[in-house]
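**Q** with the input below, show me the fold.
(one chain, ligands or ions: 2)
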Amino acid sequence: MIYTVTANPSIDYVIGLDQLNIGLVNRMTSDVKLPGGKGINVSRILKQLDTPSTALGFVGGFTGEFIQAALEQDELPTNLTPIKEDTRINVKLKAAEETEINGQGPHISAAEAEQFRQNLDELQADDTVVMSGSLPQGLPETFYKDLIPLIQKHHAQFVIDTTGQALLDTLPDHPLLVKPNNHELAALFNVELNSKADIVTYGRKLLDMGAQHVLVSMAGDGAMMITKDKAYFGTAAPGEVKNSVGAGDSMIAGFVGTFAKTHDPLKSFHMGCACGSATTFSEDLATRAKIDAVYQTITVTEFN
Ligand SMILES: Nc1ncnc2c1ncn2[C@@H]1O[C@H](COP(=O)(O)OP(=O)(O)O)[C@@H](O)[C@H]1O
Ligand SMILES: O=P(O)(O)OC[C@H]1O[C@](O)(COP(=O)(O)O)[C@@H](O)[C@@H]1O
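**A** Ligands and ions are numbered 1, 2, ... in the order given. Next up is the predicted model:
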């Protein structure tokens with residue numbers, strides 16, 4: 001079983017605008033409210049891939065009820081921990097460019113955090129726990145790192161999608177996958193990355209520090225997978241970008257869902273690229289039909 005952990009879920013309020021005029025009244029041309037947050041997005045794509053998962057995390061208030069109801073409607077198994085404060089709303093503005101305004105999130109009490117941790121008692125050997133996204137207020141910086149012993153006690157694996165020192169701190173515990181984007185990778189090492197070769201050099205450092213698989217996503221420029229002795233480039237599929245929110249989460253879901261079935265990193269990478277691109281070509285996250293169509297248009301080649 002795959003478990004996803006979204007410490008800070010969100011309603012993603014996706015707003016279409018012809019043009020964003022700062023300091024003036026703007027009128028929406030479209031708007032949609034989606035259940036969001038990184039782990040929830042991973043679970044929603046896994047469902048499309050017919051890979052069972054359970055979404056864990058914290059939800060509260062009317063916004064939390066919206067998320068719970070939306071996931072139930074999708075028949076997505078959840079075990080979300082109720083909290084006193086409201087789940088956040090993240091604003092995604094789609095004009096000529098995409099602008100995101102993400103909330104800080106609610107305050108989580110020590111008792112709520114403890115209740116959440118008890119969910120991990122259910123883990124079994126070979127389960128995978130995907131921990132993703134920002135931390136709401138009240139949770140310590142080490143929240144994800146502190147879950148690792150609870151996961152490894154059951155001989156389960158973990159995937160981590162976070163940034164900065166919080167990510168680096170988990171590498172000695174051998175995450176199954178890390179997927180920084182190229183900007184996050186540059187920030188991790190305080191360097192500029194000017195070529196794919198640079199990305200391979202710094203991606204390989206994450207492997208050396210303990211990660212089992214490293215993907216580096218590059219938005220419309222595709223993605224790299226770095227292994228101990230090789231590197232691979234996956235193209236971004238051609239198509240009209242509609243909403244790239246959730247592309248990175250979709251890539252993680254494609255990799256993890258395929259790896260759980262095949263243990264084949266190359267097939268998993270190819271599916272990760274397909275899910276990422278397919279989501280950018282969709283208003284909401286990608287559907288299975290879109291993923292299958294996009295898969296055919298992506299090539300994965302060895303990079304020397
Ligand atoms: N404009 C795009 N066209 C096609 N594919 C894209 C586009 N943007 C993202 N993707 C796909 O989704 C993957 C993840 O996107 P990216 O924006 O790098 O992730 P994140 O959201 O984590 O920053 C990319 O590596 C690529 O495969
Ligand atoms: O927890 P964070 O870092 O604020 O990110 C939350 C946001 O990220 C998303 O999960 C999308 O992430 P990606 O575009 O990186 O895949 C949104 O659904 C959500 O609003």
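**Q** point out where the stretch 101-250 of the chain drops to low pLDDT.
**A** When residues are selected by pLDDT under 70, none of them lie in the stretch 101-250 of the chain.
**Q** in space, what's closest to whatever residue of the stretch 51-200 of the chain ends up closest to ligand 1 - neighbours in sequence excluded?
**A** Residue nearest to ligand 1 within the stretch 51-200 of the chain: Asn181 (3.7 Å; Cβ to the nearest ligand atom). All C-beta atoms are positioned from the backbone trio N, CA, C, and that covers glycine. Spatial nearest neighbour of Asn181, excluding adjacent residues (Cβ to Cβ, 6 or more residues apart in numbering): Ser217 at 4.7 Å.
**Q** which residues touch that neighbour?
**A** Neighbouring residues of Ser217 by Cβ atoms under 8 Å, 6 or more residues apart in numbering: Lys179, Pro180, Asn181, Asn182, Ala223, Ala247, Gly248, Met251, Gly276.
**Q** the residue of the stretch 51-200 of the chain closest to ligand 1: how many residues sit nearby?
**A** The local packing of Asn181 (other Cβ atoms under 10 Å) involves 18 other residues.
**Q** surely it is in contact with Leu215?
**A** No: between Asn181 and Leu215 there is no contact under Cβ atoms under 8 Å: 9.5 Å.
**Q** which ones are touching the residue of the chain found nearest ligand 1?
**A** Using Cβ to the nearest ligand atom, the single residue of the chain nearest to ligand 1 is Gly248, 2.0 Å away. The contact partners of Gly248, taken as Cβ under 8 Å, 6+ apart, are Lys38, Asp161, Lys179, Asn181, Ser217, Gly276.
**Q** kindly recompute the last result at 10 Å.
**A** 38, 41-42, 132, 161, 179-181, 184, 215, 217, 219, 223, 272, 276, 279 (Cβ atoms under 10 Å, 6 or more residues apart in numbering).
**Q** what's the overlap in contacts for Asn181 and Leu215?
**A** Here Asn181 and Leu215 have Ala223, Gly248, Met251 as joint contacts, going by Cβ under 10 Å, 6+ apart.
**Q** now the helix or strand harbouring the residue of the chain closest to ligand 1: how far from the chain's centre is it?
**A** Here Gly248, judged by DSSP states H and E, is contained in helix 247-262. Taking Cα atoms, centre = their mean, to the nearest Å, one finds the center of helix 247-262 at 10 Å from the center of the full chain.
**Q** before we move on, what about stretch 140-152?
**A** Stretch 140-152 has its C-alpha centroid displaced from the chain centroid by 18 Å (Cα atoms, centre = their mean).
**Q** that older thread, now the residue of the stretch 51-200 of the chain closest to ligand 1: how far from Asn26?
**A** Note on Asn181: its distance to Asn26, by Cβ to Cβ, to the nearest Å, is 28 Å.
**Q** now do Pro238
**A** According to Cβ to Cβ, Pro238 and Asn26 sit 31 Å apart.
**Q** these two: which is more packed in?
**A** Between Pro238 and Asn26, Asn26 has the larger neighbour count (other Cβ under 10 Å), namely 15 against 11.
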